[in-house]
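Chemist: all I have is the shape, not the residue letters:
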C-alpha cells in the first residue's frame with residue numbers, strides 16, 4: 001500500500017489471477033446517502049420522510065434508471081431496514097454504517113437498498129469481523145500512489161481521479177471461510193518457499209508488492225524464502241496501518257492497538273479551528289511542518305503525510321474537500337434545497353480527531369515507502385514464479401467457479417415488501 005509505479009517485470013501475474021473473485025465498486029446513484037458524519041445522514045433522511053407532497057419527495061430523492069420511489073428492492077444482507085416502497089412511507093432512519101470511501105476516507109452510509117443504485121449485495125453478504133477487502137485503485141499516469149489498499153470496513157471502491165478498480169474480498173464466505181485465492185496457489189507457494197502460506201500471508205505480500213500496470217495491479221511472486229518473509233512482514237504492517245489497527249493477525253513483534261507516531265512526532269492542534277463555521281481553506285507550511293485549516297493549525301505534520309497521493313489525488317486535500325469544500329461526487333451537492341446540500345455548518349471535534357489519525361497513518365505509510373521500493377527491486381532481480389509456471393502447475397487459468405461468488409444457503413434475507421427469499 002505504499003507508492004509504487006509500473007508493472008514489476010514482464011511476467012508478473014495480475015491481482016485478478018491471484019484473487020479471482022472480485023466485485024465492481026458500489027454505484028450510489030445519489031451522493032446524499034453518504035457523508036462524513038451520521039447526524040447529517042439522519043437529517044437528510046428525516047427531510048425525505050417529512051416530504052408529504054409526492055413531487056417534493058421525488059425531487060429530494062433524485063430518481064435514476066435503477067432506483068425510484070416505486071422500486072421494489074430487498075434488504076441488504078445483514079441490515080434490518082424496511083422494504084416497503086418509499087413512495088408509501090419512509091419509516092425510521094436506517095442506522096448509518098461506517099464504510100471506506102475511496103482509498104483512505106472513512107465515511108458513513110445509509111445501508112438501505114432502496115436508496116442505492118448498485119450496492120453489491122454479494123459484498124455485504126460476506127462482510128463481517130473476519131473479512132478484509134483489497135481494493136484496486138485506478139492507474140493515473142505520472143502520479144504516485146499505491147496500486148491497492150486494504151480495508152476492514154466495506155469499501156465503496158471509489159478511485160478519485162482514476163478509473164475505478166475492483167474490490168477483492170479475502171474470503172468468499174462469512175466467518176473467514178474459503179479464501180478467495182486461485183485454487184492451488186497457496187500450495188504451490190508453500191512448496192517453492194518451503195514454509196506454510198496462509199491466506200493472510202498472501203494478502204500481506206500483495207499489499208507490499210502490488211504495482212500499477214495498464215491492465216490491473218501486477219503482483220510479482222518471489223521464489224526466495226528470505227524475500228518472502230521480508231515481504232510478508234512489511235505487508236503485515238501495511239495491513240495494520242491501512243485498517244487503522246483493525247488487522248491484528250501477525251507475529252508477536254507486530255504493533256498492538258491503533259497506529260501512533262513516536263513521542264515528539266505526534267500531531268497536535270497548536271491553534272484551535274474556528275469556533276463557528278468551517279475552515280476557509282487548507283494549506284501546508286513545510287518549514288514548520290504545519291497543516292493550516294483556516295485559522296487552525298496542526299503540527300507536526302510530516303511532509304510525507306501531506307504529499308501522500310492515492311487514486312490520483314493528494315489524500316489530505318481530498319479528505320478536507322469532502323468535509324469543508326465541495327465534495328467531488330457530482331453537481332447534486334451544489335444545488336440549494338437538495339438533500340446533499342444539508343451539511344454541517346460547523347467543524348465537529350470528531351473530524352479533528354479523525355484528521356489526526358489520518359495524518360498518523362499516512363506518515364507511517366510514507367516512512368515504509370523506501371523499504372517497499374527496495375523489496376520490489378530485489379524481487380524483480382531474483383527468482384520468481386511467473387505466469388508460465390503458474391500455468392504449468394495448473395493454477396492458471398482459474399476455474400470459472402472461482403471467479404463467481406460462492407452460494408450462501410444458511411440464512412434468509414428479506415425481499416421486496418417484506419417477502420423472504422432463501423439464498
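Modeler: Looks like it arrived, so ask away. Because the structure is predicted, anything quoted here is derived from the model rather than measured.
Chemist: mind checking how far residue 276 is from residue 324?
Modeler: 13 Å (C-beta to C-beta, to the nearest Å). Where C-beta positions appear, they are placed from N, C-alpha and C, glycine not excepted.
Chemist: who has more neighbours out of the two?
Modeler: Legend: neighbour count by other C-beta atoms under 10 Å for residue 276 and residue 324, higher for residue 324 (21 against 7).
Chemist: residue contacts, the more buried one?
Modeler: Counting by C-beta atoms under 8 Å, 6 or more residues apart in numbering, residue 324 touches 278-279, 282, 293, 347.
Chemist: what's the average pLDDT for the lengthiest helix in the chain?
Modeler: Longest helix in the chain by number of residues, with DSSP state H as the criterion: helix 349-381. Helix 349-381 shows an average pLDDT of 97 in the prediction.
Chemist: what is it packed up against?
Modeler: For helix 349-381, the contact count by 3 or more C-beta pairs under 8 Å, 6 or more residues apart in numbering; DSSP states H and E identifies helix 199-209, helix 225-242, strand 268-271, strand 296-299, helix 303-306, helix 315-321 as packing neighbours.
Chemist: buried set for the fifth one?
Modeler: Using 16 or more other C-beta atoms under 10 Å as the test for burial, helix 303-306 gives 304-306.
Chemist: report the contact partners of residue 259.
Modeler: Residue 259 neighbours (C-beta under 8 Å, 6+ apart): 240-241, 244-245, 357, 360-361, 364.
Chemist: let me see the domain layout of the protein.
Modeler: 15-248+371-422, 268-369 (automatic domain parsing).
Chemist: I'd like to know which of those domains lies nearest to residue 257.
Modeler: domain 15-248+371-422 (5.9 Å; C-beta to C-beta).
Chemist: can you show me the helices along the chain?
Modeler: 15-18, 38-50, 54-61, 121-126, 185-193, 199-209, 225-242, 303-306, 315-321, 349-381, 387-392, 400-403.
Chemist: could these be laid out in a markdown table, adding distance to residue 137?
Modeler: Output for the helices of the chain, formatted as a markdown table (distance: least, C-beta to C-beta, whole Å):
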| stretch | distance to residue 137 |
| --- | --- |
| helix 15-18 | 11 |
| helix 38-50 | 26 |
| helix 54-61 | 31 |
| helix 121-126 | 17 |
| helix 185-193 | 23 |
| helix 199-209 | 12 |
| helix 225-242 | 12 |
| helix 303-306 | 18 |
| helix 315-321 | 11 |
| helix 349-381 | 14 |
| helix 387-392 | 22 |
| helix 400-403 | 21 |
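Chemist: just name the most buried of these.
Modeler: Comparing these by mean neighbour count (mean count of other C-beta atoms under 10 Å), helix 199-209 ranks first with a mean of 25.
Chemist: where does the prediction get shaky in the stretch 1-150 of the chain?
Modeler: 1-10 (pLDDT under 70).
Chemist: sorry, back to before: nearest to residue 104 among the helices of the chain would be which one?
Modeler: Using C-beta to C-beta, those put helix 315-321 closest to residue 104, at 5.2 Å.
Chemist: what's next to that closest one, contact-wise?
Modeler: With C-beta under 8 Å, 6+ apart as the criterion, helix 315-321 contacts 102-105, 160, 279, 282, 291, 293, 305-306, 308-309, 327-328, 355, 358-359, 362.
Chemist: re the thing from before, how about the domains of the chain in TSV, adding distance to residue 261?
Modeler: Formatted as TSV, these follow (distance: least, C-beta to C-beta, whole Å):
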stretch	distance to residue 261
domain 15-248+371-422	11
domain 268-369	5
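Chemist: which residues does residue 119 contact?
Modeler: Contacts of residue 119 (C-beta under 8 Å, 6+ apart): 26, 76, 111, 113.
Chemist: 6 Å instead, please
Modeler: Neighbouring residues of residue 119 by C-beta atoms under 6 Å, 6 or more residues apart in numbering: 26, 76, 113.
Chemist: between these, which sits nearest residue 182?
Modeler: Looking across the contacts of residue 119 and measuring by C-beta to C-beta, the closest to residue 182 is residue 26, at 25.2 Å.
Chemist: no further queries at this time; thank you.
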